[in-house]
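> Below are the sequence and a predicted model for it; my questions follow.
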Amino acid sequence: MISIKNLSKLFQLKQQQIQAVDDVSLDINKGEIFGVIGYSGAGKSTFVRLINRLEEPTDGDVSIHNEDITKMSNHQLRKKRQKIGMIFQHFNLLWSRTVYENIAFPLEIAGVPRTERKVKVLELIELVGLSGRENAYPSQLSGGQKQRVGIARALANDPEVLLCDEATSALDPETTDDILELLVSINKKLGLTIILITHEMHVIQKICNRVAVMENGRVVETGDVLDVFVKPQSETTRRFVQQLNPLEYEKDRLSSFINEDSTSEVIKLHFVGNHAKQALISQVIKQFDIDVNILQGSIAPTQEGAYGTLFVEINGKESVLKEAISFIENAGVEVEVLHDVE
Ligand SMILES: Nc1ncnc2c1ncn2[C@@H]1O[C@H](COP(=O)(O)OP(=O)(O)OP(=O)(O)O)[C@@H](O)[C@H]1O
C-alpha cells in the first residue's frame, strides 16, 4: 500500500509563494489503478512528483510498502526509485538511442549484466507490442509507439508502482485508448499499482478503480469511480463527470420533446453495475398500463462495472405511474422525477 499523509509543497518564489500541494492524505491499495484528476494548475504534477521525490515535500510523509521515502538518504532513494517507474506526457526518451537501447538504459544503470539485460529488454518489447521495432529511433515512431517505449523502460526494473503523468494527453483518442488498454493489461498481468494523473474524465472512467479530485492543491473528493460518477459531491467533480456526457446535463433541451399531457412525467434512471444489464423498461411496459417514450440514454463502462442513465417520459394514470416508479426502484435502479406536467 502507498500511504500519503499530510503531504504539502510550497514553492517559494521571489515575489510570491505557491501552495502547489496542500495537506493531501490518501491511501492507495496495492494493485489498484488510482486516478488523480484536476484542472490545469490544480497541483497534480507536483503531487505525483512528490511520490518519488522528484520534488522535495515541504511537509508530510509518503510510505511505499511501509518504507517512508521522505526519510530516505539519497543512496536509499536511488535504490527505491528503481522500484517506482514513471511515464510522462512527452515520453522523455533518449533520442540518440534506439528502442532497444532506451529500454536497456535503466537496466545498465542498475548494473544488470548484458545477457540478462537482453532477455529482459526483448520480453518488455513483446509485452508492449513493439516486436520488430527494436532498432528504430524515437523520431521514427508514432506517439503511441513512443509511449510504449516509455512504458517498457518504466517497467525494466520490475517496479512496485507506476506513476503516469498525463501519459495520454499528447495522443489522439484512438491511440489514447490503446495505451489505456495496455496499462490495464499490465496492471492485471503484473499486479502493478498504477497512479495516474489526468485532466480527462474518460481516462478515469476507462481504467481507474478509484479517483481523487484535486483543486487548488487539495483533494476535494475521493472514492470509487462508480460512486463518484453516480453521486459527485463537489462542483468540480460534477463538471468533470459532465465531460463524459454533456447532453445529459441539458435537461431544458428535453422539455421540447415532452407531450403536453397532464398524465406524463419525465424520469431519469440511474443504472449502476449489473443493474445496467436488466431489460427493465420492457418489464415495466408489460406489467403496467403505461406508455414509455425514451428521450435519451447513455452507458459508460468502468473497471468496476457500467454506469448508465436513461431519460424517459412515462404516460398513464397517476396511481399507475407511481406503482411503475416503485417497481423500477425495487429493481435497484435509482429514479429521479424531473418534470411534472401540471
Ligand atoms: N517548480 C515550480 N516552481 C514554482 N511554481 C511551480 C513549480 N511547479 C509547479 N508550480 C506551480 O504550482 C502550481 C501547481 O502546478 P502543477 O504543475 O503541479 O499543476 P497541474 O495540476 O499538474 O497542472 P498542469 O496540468 O497544467 O501541469 C501551479 O500554480 C504552478 O505554477
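Cool, got the structure.
> Could you chop the chain up by domain?
The record, using automatic domain parsing to delimit domains, assigns the chain the ranges 2-244, 257-340.
> These: lowest mean pLDDT?
Sorting the domains of the chain by mean pLDDT places domain 257-340 lowest, at a mean of 85.
> What ranges does the stretch 201-342 of the chain have for its helices?
Assigned by DSSP state H, counting those that start in this stretch, the stretch 201-342 of the chain shows helices spanning 201-207, 225-230, 235-244, 251-254, 280-287, 318-330.
> just these: most buried one?
Stretch with highest mean neighbour count among those: helix 201-207 (a mean of 24; mean count of other C-beta atoms under 10 Å). Backbone N, C-alpha and C define where each C-beta goes, glycine included.
> how about the residues of the stretch 101-250 of the chain that lie near the ligand?
Within the stretch 101-250 of the chain, the positions near the ligand by C-beta under 6 Å from any ligand atom are residue 199.
> Closest residue of the stretch 101-250 of the chain to the ligand?
For the stretch 101-250 of the chain and the ligand, the shortest gap (C-beta to the nearest ligand atom) falls at residue 199, measuring 5.9 Å.
> out of the domains of the chain, deepest packed?
Neighbour counts (mean count of other C-beta under 10 Å) averaged over each of the domains of the chain peak at domain 2-244, with a mean of 18.
> Endpoint to endpoint, that one covers what distance?
Terminal residues of domain 2-244 lie 29 Å apart, using C-alpha to C-alpha, to the nearest Å.
> returning to what we had before: now the residue of the stretch 101-250 of the chain closest to the ligand: how far from residue 286?
Applying C-beta to C-beta, to the nearest Å, one obtains 45 Å for the distance of residue 199 from residue 286.
> How about residue 62?
According to C-beta to C-beta, residue 62 stands 56 Å off from residue 286.
> Show me where the chain has its strands.
2-12, 17-28, 33-37, 59-64, 67-68, 84-88, 161-165, 193-198, 210-215, 218-224, 264-272, 291-302, 305-315, 334-340 (DSSP state E).
> Residue 139 is nearest to which of the ones you listed?
Shortest distance between residue 139 and the strands of the chain, using C-beta to C-beta, is found for strand 84-88: 17.1 Å.
> how much does that closest one deviate in direction from strand 2-12?
Taking axes from the mean of the first three to the mean of the last three C-alpha atoms, to 10 degrees, one finds strand 84-88 and strand 2-12 inclined to each other by 50 degrees.
> What sits closest to the residue minimising distance to the centre of the chain if chain neighbours are left out?
Most central in the chain under C-alpha atoms, centre = their mean is residue 204, positioned 2.1 Å from the mean C-alpha point. Taking C-beta to C-beta, 6 or more residues apart in numbering as the measure, residue 204 lies nearest to residue 35, with 4.3 Å between them; neighbours along the chain are not counted.
> Over to residue 245?
Using C-beta to C-beta, 6+ apart and skipping the chain neighbours, the partner closest in space to residue 245 is residue 298 (4.8 Å).
> Would you confirm that the one you found contacts residue 308?
Yes - between residue 298 and residue 308 there is a contact under C-beta atoms under 8 Å: 6.4 Å.
> pretty sure residue 108 contacts residue 117?
Yes - in this structure, residue 108 is within contact of residue 117 by C-beta under 8 Å, at 7.1 Å.
> circling back: need the phi and psi values for the residue of the stretch 101-250 of the chain closest to the ligand.
Geometry field for residue 199 lists phi and psi as phi -110, psi 10, criterion degrees, to the nearest 10.
> what's it in contact with, if anything?
Residue 199 makes contact with 37-40, 44, 166, 169, according to C-beta atoms under 8 Å, 6 or more residues apart in numbering.
> Okay, and which of those map to helices?
The subset of the contacts of residue 199 located in helices under the criterion DSSP state H comprises residue 44.
> so can I have CSV of the contacts of residue 199 showing distance to residue 124?
Compiled in CSV, the contacts of residue 199 are given as follows (distance: C-beta to C-beta, whole Å):
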residue, distance to residue 124
37, 29
38, 31
39, 34
40, 32
44, 27
166, 22
169, 23
